[in-house]
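Asker: Coordinates only, no sequence provided:
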C-alpha cells in the first residue's frame, strides 16, 4: 500500500501524474472504502484539533475499524494473493462522530 513517503517522493522528485494515479489506484483497490473515508475525514478535521484530540479520535476510530470484518478480509486477501472483497460500507458502518 502507498505511504505518505511515497506521496512526498512524488512531489519532491517531480514524478509524473501517471505515477500518482498508480498510487491512487492501489489505495482504491487494496484499502477498505470505510477505512479510506474515515481517514480522509480525520485528516480534514485535524487542523482544527489539538494533537491530543487527534490521538484520541484516531484511537477510537481505529478500534471501530479493527472490529469490522474488513480488517480480517484485508489480511486474508493479502495472504491468499487475491483482491479483497470488502463488506463494510460508508453508508451502513460509519462510526459515531462528534463534530
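Answerer: Here it is on my side, so go on. Please read all numbers here as calculations on a predicted model, not as lab measurements.

Asker: And for the residue nearest to residue 49 when sequence neighbours are not counted, the neighbour number?
Answerer: What sits nearest to residue 49 in space, not counting adjacent residues and going by Cβ to Cβ, 6 or more residues apart in numbering, is residue 57, at 7.0 Å. In this view, the C-beta of every residue, glycine as well, is placed from N, C-alpha and C. By other Cβ atoms under 10 Å, 19 other residues sit near residue 57.

Asker: So which bits of whatever helix or strand residue 57 lives in are buried?
Answerer: For residue 57, the element it lies in under DSSP states H and E is helix 51-66. For helix 51-66, a neighbour-count test (16 or more other Cβ atoms under 10 Å) marks 54, 57, 61, 64, 65 as buried.

Asker: surely residue 87 meets residue 72?
Answerer: No: counting by Cβ atoms under 8 Å, residue 87 does not reach residue 72; the two are 9.9 Å apart.

Asker: Can you pick out the residue with more neighbours from the two?
Answerer: residue 87 (14 against 11).

Asker: From residue 21, how far out is the more buried one?
Answerer: Distance of residue 87 to residue 21, given as Cβ to Cβ, to the nearest Å: 27 Å.

Asker: What of residue 57?
Answerer: Residue 57 is 30 Å from residue 21, where distance means Cβ to Cβ.

Asker: Then residue 77?
Answerer: With distances taken as Cβ to Cβ, residue 77 is found 22 Å from residue 21.

Asker: any weak-confidence spans in this protein?
Answerer: Applying pLDDT under 70 to the chain flags the ranges 1-15, 98-99.

Asker: distance of the most centrally placed residue in it from residue 97?
Answerer: Centrality entry for the chain: nearest residue to the mean C-alpha point is residue 36, 3.3 Å, by Cα atoms, centre = their mean. Noted for residue 36: a distance of 15 Å to residue 97, by Cβ to Cβ.

Asker: hang on, the earlier thing: residue 25: which of the buried residues of helix 51-66 is nearest?
Answerer: Residue 25 has its nearest neighbour among the buried residues of helix 51-66 in residue 65, at 21.7 Å by Cβ to Cβ.
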